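> pasting the sequence and the predicted coordinates here, then a few questions.
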Amino acid sequence: MRKVVLVTGANSGIGLALCERLLAHDGQIQLCLACRNMQRAEAARLALLASHPESQVALLQLDVGSVRSVFQAAKEVKLRYNRLDYIYLNAGIMPNPQLDIKAFFKGLFSSNVINMFATAEGILTQKDNINSDGMQEVFATNLFGHYLLVRELEPLLCQPDSISQVIWTSSSNARRSAFSLEDIQHQQGTEPYSSSKYASDLVSVALNRRHNHQGLYSSVICPGLVMTNMTYGILPSFFWSLIMPIMWLIRIFTNTFTLTPYNGAEALFWLSLQKPESLDPLAKYHSLTSGLGKNYTQPHKVSEETQYLISSSLTQPQQKRNYIKLTPGLQ
Ligand SMILES: NC(=O)C1=CN([C@@H]2O[C@H](COP(=O)(O)OP(=O)(O)OC[C@H]3O[C@@H](n4cnc5c(N)ncnc54)[C@H](OP(=O)(O)O)[C@@H]3O)[C@@H](O)[C@H]2O)C=CC1
Ligand SMILES: CC(C)CCC[C@@H](C)[C@H]1CC[C@H]2C3=C(CC[C@]12C)[C@@]1(C)CCC(=O)[C@@H](C)[C@@H]1CC3
């Protein structure tokens, strides 16, 4: 049977590289590129068909940052397919990133330098926007739209006698300290990206608790630092080109500098080959690339603090209510 695979944010970067790798491995899959911009989606489809002319690549209009679009797209998916084997929740944004140069140089000469390069802890903030649904844009795009999509597609994902995988592109930038149950949209802080990725790690655990018995398994990955439109938004591209030799050098000390979308997609691709029952629901799977350019995937257990948060908050009804504080228009 032809597996059905849906990828959000499939028209560029890690999402597109993943599609290329999935088709190279199995040309029989039914691949659905879920993108907000249909011109860019068509360009991606043509690029994929150029290298895999026999493959089945469909397009789906989806703006994950819009509740209406998510409902429409889910409806369309239910009309087109009667099963969904893999759903990659990969679309993501980091608007108006600000690099704290002073903190960066301070970190460079501290014992925390490797961690700083792997996670950007303490050196990166963003300025969020409000979207047309009245929600914080980063939360709505990176987390909420994807969550709604999974909920809407439950009938396809939880088919009797079949297994499905939900795979989130999270980040090692996800940090407990950036996330608050009292402010899940991160209206108050300056690290909405970190907060949204941490929230996706929590939601993934919750999905496993809720749906494993129905054959739905959820996992999170970190692709490492990858040169994509997202990272080109942090520093100007000429600067990245200038420091590229340094980046290759840094890779000798931290294998988290995967750098190319192909390498960054390693853990996403690797997960598609695993038996989901054998995966650790409390792990984040990291794409890593050695100094010699070898790709591999490694699980990192979530912190004890996170495990505590999961076991206390996901089981207490009064705190559950704080999870999704919808805007008045959506209630
Ligand atoms: N690059 C990196 O170093 C890292 C990236 N990640 C994560 O990887 C994922 C992919 O990002 P990456 O490939 O790097 O960056 P890109 O900017 O290349 O890809 C992001 C993709 O998401 C899509 N997207 C953004 N907003 C929406 C939306 N509202 N609805 C639908 N699609 C949308 C973009 O579409 P469009 O072309 O229309 O903008 C694009 O296809 C993200 O979740 C990011 O957080 C995690 C860790 C590190
Ligand atoms: C390497 C150079 C000499 C200087 C580059 C400094 C910073 C621009 C980078 C250092 C660590 C990087 C990083 C990210 C962005 C660019 C840096 C801050 C991410 C936050 C990109 C998105 C993610 O999700 C994370 C996994 C990345 C973590 C590391």
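Nice, I can see it. Ligands and ions are numbered 1, 2, ... in the order given.
> from the chain's centre, how far out does the helix or strand containing residue 312 sit?
Following DSSP states H and E, one finds residue 312 within helix 304-313. Distance, stretch centre to chain centre, for helix 304-313: 21 Å (Cα atoms, centre = their mean, to the nearest Å).
> helices or strands up against it?
Of the remaining helices and strands, those touching helix 304-313 by 3 or more Cβ pairs under 8 Å, 6 or more residues apart in numbering; DSSP states H and E are helix 192-211, helix 317-323. Any C-beta I mention is one placed from the backbone N, CA and C, and that applies to glycine too.
> of all those, which one comes closest to ligand 1?
Proximity to ligand 1 (Cβ to the nearest ligand atom) singles out helix 192-211 among the helices and strands packed on helix 304-313, at 6.8 Å.
> mind listing what the next helix or strand after that closest one pairs with, with the direction of each?
Per DSSP H and E, helix 192-211 leads on to strand 216-222 as the next helix or strand towards the C-terminus. Note on strand 216-222: by DSSP bridges, its sheet partners are strand 164-169 (parallel), strand 283-289 (parallel).
> using the three-state scheme, assign residue 64.
At residue 64 the chain is in coil, as set by DSSP: H, G, I helix; E, B strand; the rest coil.
> returning to what we had before: what residues does the helix holding residue 312 touch?
Residues from elsewhere that reach helix 304-313, judged by Cβ atoms under 8 Å, 6 or more residues apart in numbering: 176, 181, 201, 202, 205, 206, 282, 302, 319, 320.
> ok, now how distant is residue 246 from ligand 1?
16 Å (Cβ to the nearest ligand atom, to the nearest Å).
> what count of nearby residues applies to residue 169?
By the criterion of other Cβ atoms under 10 Å, residue 169 has 29 neighbours.
> what's the distance between it and residue 235?
21 Å (Cβ to Cβ, to the nearest Å).
> burial measure for the residue nearest to residue 146 when sequence neighbours are not counted, as a count.
Nearest non-adjacent residue to residue 146, counting by Cβ to Cβ, 6 or more residues apart in numbering: residue 89, 4.1 Å away. For residue 89, the count of nearby residues is 28 (other Cβ under 10 Å).
> ok now do residue 89, which residues does it touch?
Residue 89 sits in contact with 8, 146, 149, 150, 166, 167, 168, 169, 200, where contact means Cβ under 8 Å, 6+ apart.
> list just the nearest of the residues you listed to ligand 2.
residue 169 (8.8 Å).
> any idea of the pLDDT on that closest one?
As predicted, residue 169 sits at a pLDDT of 98.
> what does residue 32 give?
Here, the pLDDT recorded for residue 32 equals 98.
> where's it, which helix or strand?
strand 30-35.
> before we move on, what about residue 77?
Counting by DSSP H and E, residue 77 is found in helix 67-80.
> how about that helix: buried residues?
67, 69, 70, 73, 74, 77 (16 or more other Cβ atoms under 10 Å).
> got it, and stretch 182-191?
By 16+ other Cβ under 10 Å, the buried positions in stretch 182-191 come out as 184, 185, 186, 189, 191.
> what do you get for stretch 12-26?
Going by neighbour count (16+ other Cβ under 10 Å), the buried part of stretch 12-26 is 12, 13, 14, 15, 16, 17, 18, 19, 20, 21, 22, 23.
> closest one of the buried residues of stretch 182-191 to ligand 2?
Closest approach to ligand 2 among the buried residues of stretch 182-191 (Cβ to the nearest ligand atom): residue 191, at 10.3 Å.
> those strands in the stretch 1-150 of the chain, which residues are they?
For the stretch 1-150 of the chain, strands defined by DSSP state E, counting those that start in this stretch occupy the ranges 4-8, 30-35, 56-61, 86-89, 97-99, 124-126.
> with distance to ligand 2 added, can I get the ones you listed in TSV?
Shown next, in TSV, are the strands of the stretch 1-150 of the chain (distance: least, Cβ to the nearest ligand atom, whole Å):
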stretch	distance to ligand 2
strand 4-8	16
strand 30-35	20
strand 56-61	25
strand 86-89	14
strand 97-99	5
strand 124-126	5
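> please name the nearest non-neighbouring residue to residue 259.
Computed as Cβ to Cβ, 6+ apart, the closest residue to residue 259 that is not its neighbour in sequence is residue 227, at 5.7 Å.
> and the buried ones among the contacts of helix 304-313, selectable in PyMOL?
Here is the PyMOL command that selects the buried residues among the contacts of helix 304-313 (16+ other Cβ under 10 Å):
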select buried, resi 176+201+202+205+206+282+302
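> now render the contacts of helix 304-313 as JSON lines, adding distance to ligand 2 and pLDDT.
Converted to JSON lines, the contacts of helix 304-313 look like this (distance: Cβ to the nearest ligand atom, whole Å; pLDDT from 0 to 100):
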{"residue": "176", "distance to ligand 2": "16", "pLDDT": "94"}
{"residue": "181", "distance to ligand 2": "22", "pLDDT": "93"}
{"residue": "201", "distance to ligand 2": "12", "pLDDT": "95"}
{"residue": "202", "distance to ligand 2": "17", "pLDDT": "94"}
{"residue": "205", "distance to ligand 2": "19", "pLDDT": "94"}
{"residue": "206", "distance to ligand 2": "21", "pLDDT": "93"}
{"residue": "282", "distance to ligand 2": "19", "pLDDT": "94"}
{"residue": "302", "distance to ligand 2": "15", "pLDDT": "83"}
{"residue": "319", "distance to ligand 2": "27", "pLDDT": "47"}
{"residue": "320", "distance to ligand 2": "28", "pLDDT": "47"}
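> great, nothing more from me.
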